[in-house]
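Participant: Next come a sequence and a model predicted from it.
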Amino acid sequence: MTTPAIKAVIPAAGLGTRFLPATKAMPKEMLPVVDKPAIQYVVEEAVAAGIDDIVMIIGRNKNNLANHFDRVTELEHTLERKGDHGKLARVIEPSSLADIHFLRQGDPLGLGHAVLRARKHVGDDTFAVLLGDDLIDARDALLARMIEVSQAQSATVIALMEVDPSQIHLYGCADVEPTGEYDVVRVKGLVEKPSADEAPSNLAIIGRYVLRPGIFDVLERTAPGKGGEIQLTDALAELADDETIAGPVLGVVFSGRRYDTGDRLDYIKSNILLALDREDLGPDLKAFVQELAGSFD
């Protein structure tokens, strides 16, 4: 699936404290999901949507990210000499996916600040933001759909997903009204991590955005919000309140397969679900899971 060329921003400067001590020396984005680091799935998603220019916003001790998307000639030569062309292809693949740049965030001032750091690289064009904690199944073309809606409507587009109301306090939440398209809503307002009683809906913002360049001026003047950080949700709420800044804010309501690798339990579930879909792992794993489930009866 191809779309008009835009750039992608992948914020990857978080400390990954929920996965300590595993993330003491390893970026959380490099934690393996089956046999690839989580961040590679995100890059592959961007590439599948027609994006070939990506900037990652990183913090200290994130050099492993750059190394993963670089060539490792010694390893490649070893695998080539052994004739192990399958592994060789998998080793080379990350470095050939896209043109990937790395930019330091500096001060850890939140997601909004991380996006703002990409301003010089993105310029005056619409761009995508993909969060590394959310993996979207490759069979569900969410990002391409969002880009299509953004360009057709000259709009900022965010990804929304229905969650149980008891979980809405974990997300940004959207106040919406319907449009003429079944999977598209107009966003009237946004609230960052509301209580269930305060939430305007059960539509949660998940980690995909297609943003117009007007967002940068808004982020420049956005004061720190919850957690003392510059919240992207706060800037998007201002855009939704004033469509003259960057056009309307629309939401694409996603009902496909999403894997949350930012939560320990969901990370384990993600590994199992993705492995079950693999031809080389699925049959044996399914048999093991069924046997394990039977042992609890």
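Facilitator: That came in fine, so what should we check first?

Participant: residues contacting Q153?
Facilitator: Neighbour list for Q153: G247, P248, L250 [criterion: C-beta atoms under 8 Å, 6 or more residues apart in numbering]. Every C-beta, even on glycine, is put in place using the N, C-alpha and C of the backbone.

Participant: let's see 6 Å
Facilitator: Q153 makes contact with no residue, according to C-beta atoms under 6 Å, 6 or more residues apart in numbering.

Participant: Next: S95.
Facilitator: S95 neighbours (C-beta under 6 Å, 6+ apart): F69, D70, R71.

Participant: now the last one: how far from K36?
Facilitator: As defined by C-beta to C-beta, to the nearest Å, R71 lies at a distance of 17 Å from K36.

Participant: In the beta-sheet assignment, what are the partners of I158?
Facilitator: Per DSSP bridges, the residues bridged to I158 are Y209, G251.

Participant: Am I right that it is in contact with L250?
Facilitator: No: if you go by C-beta atoms under 6 Å, I158 and L250 don't touch, sitting 7.6 Å apart.

Participant: the more surrounded of the two?
Facilitator: The neighbour comparison of I158 against L250 (other C-beta atoms under 10 Å) goes to I158, with 29 against 24.

Participant: List the contacts of the more buried one.
Facilitator: I205, Y209, G251.

Participant: rewinding a little: counting neighbours, go ahead and name the busier of R71 and K36.
Facilitator: K36 (17 against 13).

Participant: Just grab the bridge partners of that one for me.
Facilitator: Beta-bridge partners, per DSSP bridges, of K36: V33.

Participant: Any figure for the gap between it and E29?
Facilitator: 11 Å.

Participant: P108 too?
Facilitator: Applying C-beta to C-beta to P108 and E29 gives a distance of 15 Å.

Participant: So for those two, which sits in the more crowded spot?
Facilitator: Per other C-beta under 10 Å, whichever of P108 and E29 has more neighbours is E29, with 27 against 13.

Participant: Tell me how the chain divides into domains.
Facilitator: 7-262, 263-297 (automatic domain parsing).

Participant: Deepest-packed of those, please.
Facilitator: Highest mean neighbour count among the domains of the chain (mean count of other C-beta atoms under 10 Å): domain 7-262, with a mean of 18.

Participant: average pLDDT across that one?
Facilitator: Taken as a whole, domain 7-262 carries a mean pLDDT of 91.

Participant: From start to finish, how long is it in a straight line?
Facilitator: The first residue of domain 7-262 is 24 Å away from its last residue (C-alpha to C-alpha, to the nearest Å).

Participant: how far out from the middle of the chain is that domain?
Facilitator: 3 Å (C-alpha atoms, centre = their mean, to the nearest Å).

Participant: tell me which element the closest residue to Y41 other than its chain neighbours falls in.
Facilitator: Counting by C-beta to C-beta, 6 or more residues apart in numbering, L135 is the residue found nearest to Y41 once chain neighbours are left out, at 4.8 Å. Assigned by DSSP states H and E, L135 belongs to strand 134-136.

Participant: Having no further points to raise, I will conclude here.
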